[in-house]
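1. generate coordinates for the sequence data below:
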Amino acid sequence: MTKILSPSAAVKKYCLGCMCGSHIELRECGGGCSGELAPYRFGNKRVKLKDIKIRCIECSAGEISRVRNCTSPDCPLYPFRMAGNPNRKNIGNKNAFKNLKTKL
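-> Next comes the predicted model:
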């Protein structure tokens, strides 16, 4: 099982891939290909998941169904494409808390 990156780390990896791994070009990038991700490209800001979804919709020619059925699981943004964070699965779930409470 592969470890899922945080949303900010995923955006940084995505942007570095766009810049062929060059940190210098990343610094100079104005976010031309995906302006909504530009503020997060260094991986030091909290990413709005809806901005990742917007980028995925742009990549899928504006079709949400193509985002849902994305065929690029190797893309760093893939786990976040539907504006959800798989790293937070079961966090805030009342039933999960009740189950934990009964086990203790």
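2. which regions of the protein sit below the pLDDT cut-off?
-> By pLDDT under 70, the weakly predicted segments of the chain are 1-2, 30-34, 90, 92-104.
3. cutoff 80 now
-> Judged by pLDDT under 80, the chain has its weakly predicted residues at 1-3, 20, 23-35, 43, 89-104.
4. and the helices in it?
-> Counting by DSSP state H, the chain has helices at residues 7-18, 23-28, 49-59, 64-68, 94-103.
5. save those helices as TSV, and put in mean neighbour count and distance to Glu36 too.
-> The C-beta positions use only the backbone N, C-alpha and C, and glycine is treated the same way. Putting the helices of the chain into TSV (neighbours: other Cβ atoms under 10 Å; distance: least, Cβ to Cβ, whole Å) gives the following:
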stretch	mean neighbour count	distance to Glu36
helix 7-18	19	10
helix 23-28	11	16
helix 49-59	18	4
helix 64-68	13	14
helix 94-103	9	32
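6. between those helices, which gets nearest to Gly35?
-> Ranking the helices of the chain by proximity to Gly35 (Cβ to Cβ) places helix 49-59 first, at 9.2 Å.
7. gap between that closest one and the chain center?
-> Centroid separation for helix 49-59 versus its chain: 9 Å, with Cα atoms, centre = their mean, to the nearest Å.
8. okay, it in PDB with CA atoms only?
-> Extracted as PDB, the C-alpha positions of helix 49-59 are listed here (Å, rounded to 0.1, in the frame of the first residue of the first chain):
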ATOM      1  CA  LEU A  49      -9.400  20.800  -1.800                       C
ATOM      2  CA  LYS A  50     -11.900  22.500  -4.100                       C
ATOM      3  CA  ASP A  51      -9.000  24.200  -5.900                       C
ATOM      4  CA  ILE A  52      -7.600  20.700  -6.600                       C
ATOM      5  CA  LYS A  53     -11.000  19.600  -7.900                       C
ATOM      6  CA  ILE A  54     -11.100  22.700 -10.200                       C
ATOM      7  CA  ARG A  55      -7.700  21.800 -11.600                       C
ATOM      8  CA  CYS A  56      -8.900  18.200 -12.200                       C
ATOM      9  CA  ILE A  57     -12.000  19.500 -14.000                       C
ATOM     10  CA  GLU A  58      -9.800  21.600 -16.200                       C
ATOM     11  CA  CYS A  59      -7.600  18.600 -16.900                       C
END
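9. understood, closing this out.
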